[in-house]
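A.B. asks: Build me a model:
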Amino acid sequence: MLVLGFPTGSLQANCFLLATGKGGACVIVDPGQDAEEPIADALREHRLSPVAVLLTHGHFDHCFSVAPVCDGNDVAAYVHPADRDLLSDPLKGISAQSRAFFGGNLEMREPREVRPLSDGAVLDLAGLTLTVDHTPGHTGGSVMFRAGTEEGGRLVLSGDTLFAGSIGRTDLPGGDHREMLASLRTKVLTLPDDTVVLPGHGPTTTIGRERGSNPFLLELGDDSPAAPHRGL
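C.D. replies: Numbering: from 1, shown residues only. Presented below is the predicted three-dimensional model:
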């Protein structure tokens, strides 16, 4: 699998391109602020053709460029229905302080085609098989995308649900700390330790590393559903 990633915008949200290899189809995940040019450069360099744009959630730093990227390449955007309204009203998902920073004006629009994501859905795109996990907490429509096989090469694009050493904040509109803890117990800690984590911000990590050192996961304790799955 070919995985290309780079940070975008003032908040340095990670954008990823996934493909089976160079010279073929790809999916784009989280095209944030100022993502159009680096995406175009990566497509050209690796001779890739996008077939879809996937959004881990609706915050503007992850999807600010979704309309021009989708419409410019004639592909659909996939987002959980709970976050779809943020694509055209990004101020609904940010704090009052952030709204003031933008002068109460942050304009976005939906792409021409938007498709819904649901928990447990399996997406067959660009020769890849991606499983959707609904992980509310950071936003109501947060999701993760899992790829790979039991034989190895497993990865998860965790969005702002899980970071290296931390988790996404839950104090923004649409956030819910109790739901975040439930998502971490049932959707994150149940993953195999060798799963590579591609987070929405910051460096790559693994589930095993986070299970053993992430203070937010450690607080969940060994009574979580993760215990029987360790070492798989």
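
A.B. asks: which other residues reach the helix or strand C26 falls within?
C.D. replies: Here C26 sits within strand 25-29, counting by DSSP states H and E. Here strand 25-29 makes contact (Cβ atoms under 8 Å, 6 or more residues apart in numbering) with 2, 15-19, 39, 43, 46, 48-56, 69, 125-128, 130, 145, 157. Quick note: C-beta positions are derived from backbone N, CA and C, even for glycine.

A.B. asks: Counting neighbours, which bits of the next helix-or-strand element following that strand end up buried?
C.D. replies: Downstream of strand 25-29, the next assigned helix or strand under DSSP H and E is helix 36-46. Of the residues in helix 36-46, P38, I39, A42, L43, H46 count as buried by neighbour count, 16 or more other Cβ atoms under 10 Å.

A.B. asks: by contact count, what packs against the helix or strand that E210 is a member of?
C.D. replies: Element membership for E210, per DSSP H and E: helix 207-213. Packed against helix 207-213 by the contact rule (3 or more Cβ pairs under 8 Å, 6 or more residues apart in numbering; DSSP states H and E) you find helix 215-218.

A.B. asks: Let's see the helix it packs on as PDB, backbone CA atoms only.
C.D. replies: What follows is helix 215-218, C-alpha atoms only, in PDB (Å, rounded to 0.1, in the frame of the first residue of the first chain):
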ATOM      1  CA  PRO A 215      -2.300   8.500  29.600                       C
ATOM      2  CA  PHE A 216      -5.900   8.700  28.400                       C
ATOM      3  CA  LEU A 217      -5.900   5.000  27.400                       C
ATOM      4  CA  LEU A 218      -4.100   4.000  30.600                       C
END
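
A.B. asks: in that helix, what counts as buried?
C.D. replies: Under 16+ other Cβ under 10 Å, the buried positions of helix 215-218 are F216, L217.

A.B. asks: Could I get the full set of strands for the protein?
C.D. replies: Under the criterion DSSP state E, the chain contains strands at 2-8, 13-19, 25-29, 49-54, 76-79, 114-116, 122-125, 128-134, 143-149, 152-159, 162-163, 166-167, 196-199, 205-206.

A.B. asks: need the ones you listed in CSV with mean pLDDT and distance to S183, can you?
C.D. replies: Listed next are the strands of the chain as CSV, based on pLDDT from 0 to 100; distance: least, Cβ to Cβ, whole Å:
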stretch, mean pLDDT, distance to S183
strand 2-8, 97, 23
strand 13-19, 97, 19
strand 25-29, 98, 18
strand 49-54, 98, 18
strand 76-79, 98, 17
strand 114-116, 98, 19
strand 122-125, 98, 19
strand 128-134, 97, 8
strand 143-149, 90, 9
strand 152-159, 91, 10
strand 162-163, 98, 9
strand 166-167, 98, 9
strand 196-199, 98, 14
strand 205-206, 98, 17
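
A.B. asks: Tell me which of those sits nearest to E219.
C.D. replies: With Cβ to Cβ as the criterion, E219 lies closest to strand 166-167 of those, at 10.4 Å.
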